[in-house]
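Visitor: heads up, no residue letters with this:
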């Protein structure tokens, strides 16, 4: 893992008594403040941004907590209690293939994937909420001319419908999905693919915004800057995520003051 000159473990942003914005943001209750930047007014130079979707831009991970169980609808099969952990870092296709192999489900991966996506279509198009401050931060990057891309395990149609609903789809160079590319977030190749879609900004100044521990490890090992986003689904990995992140934030409110 490379050592980076950028300050690590800076959680959130706070506003001083005179209203001066500082890189040190609010954090979830009980989250210990780690190292602050040596220069609290220092900003990180950003030339490209790769965003995860669920748990990062969208407050949506709760709908995926039991998605593995939905593979078994109508099968009469009860999965093991460890199923969620067994498939946590897998793409949707990999999870479907795993369940077919491990449990003998008499369906194709495509049938299982279509079943999941159909169940979630109305949620992404009509109900899902953004994390706080997302619209303002993406607008800030757009106005600065910083290219943006989404890299997600979620179906392209679901992703596009959620972003379109909030007027954010046009900000993105592309929606890169694990299903379309055949790549998972266990390899930096998916972030390389996304960076190419943005026109190839320098890797040193391209930041990956993620909530998932395995994806954060991958991004860091690939040489990318990392902004870790707190999500309750990754509570058990919080300390490691904080350690690996250049910034670790509760949400996006005021995050523009950390970047130039």
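Guide: Thanks, I have it. A quick note: this is a predicted structure, and the numbers were derived from the prediction, not measured.

Visitor: Only C-alpha atoms from now on, for both contacts and neighbour counts.
Guide: Fine.

Visitor: Quick one: residues contacting the nearest residue in space to residue 128 that is not next to it in sequence.
Guide: Distances taken as CA to CA, 6 or more residues apart in numbering place residue 60 nearest to residue 128, at 6.4 Å, with adjacent residues excluded. Taking CA atoms under 8 Å, 6 or more residues apart in numbering as the contact definition, residue 60 lies against 54, 128, 129.

Visitor: Closest one of these to residue 95?
Guide: In terms of CA to CA, no member of the contacts of residue 60 lies closer to residue 95 than residue 54, at 16.7 Å.

Visitor: who's in contact with the closest one?
Guide: Contacts of residue 54 (CA under 8 Å, 6+ apart): 60, 61, 152, 154.

Visitor: got the phi/psi numbers for it?
Guide: phi -70, psi 130 (degrees, to the nearest 10).

Visitor: Dig out what it forms beta bridges with.
Guide: residue 58 (DSSP bridges).

Visitor: Quick check: the gap between it and residue 144.
Guide: Remark: distance between residue 54 and residue 144 (CA to CA, to the nearest Å) = 25 Å.

Visitor: go on, residue 183?
Guide: 30 Å.

Visitor: about what we covered before: in JSON lines, list the contacts of residue 60 along with pLDDT and distance to residue 73.
Guide: Output for these, formatted as JSON lines (pLDDT from 0 to 100; distance: CA to CA, whole Å):
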{"residue": "54", "pLDDT": "93", "distance to residue 73": "23"}
{"residue": "128", "pLDDT": "94", "distance to residue 73": "23"}
{"residue": "129", "pLDDT": "96", "distance to residue 73": "27"}
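
Visitor: So for residue 183 and residue 144, which residue has more residues nearby?
Guide: The residue with more neighbours, out of residue 183 and residue 144, is residue 183; 18 against 12, by other CA atoms under 10 Å.

Visitor: give the contact list for the more buried one.
Guide: 189, 190.

Visitor: Check residue 107 too.
Guide: By CA under 8 Å, 6+ apart, the contact set of residue 107 is residue 100.

Visitor: Mind pulling the model confidence for it?
Guide: With respect to pLDDT, residue 107 scores 93.

Visitor: Can you give the contact residues for stretch 155-169?
Guide: So stretch 155-169 is contacted by 53, 117, 120-121, 124-126, 128, 135, 138, 170, 175-177, 179 (CA under 8 Å, 6+ apart).
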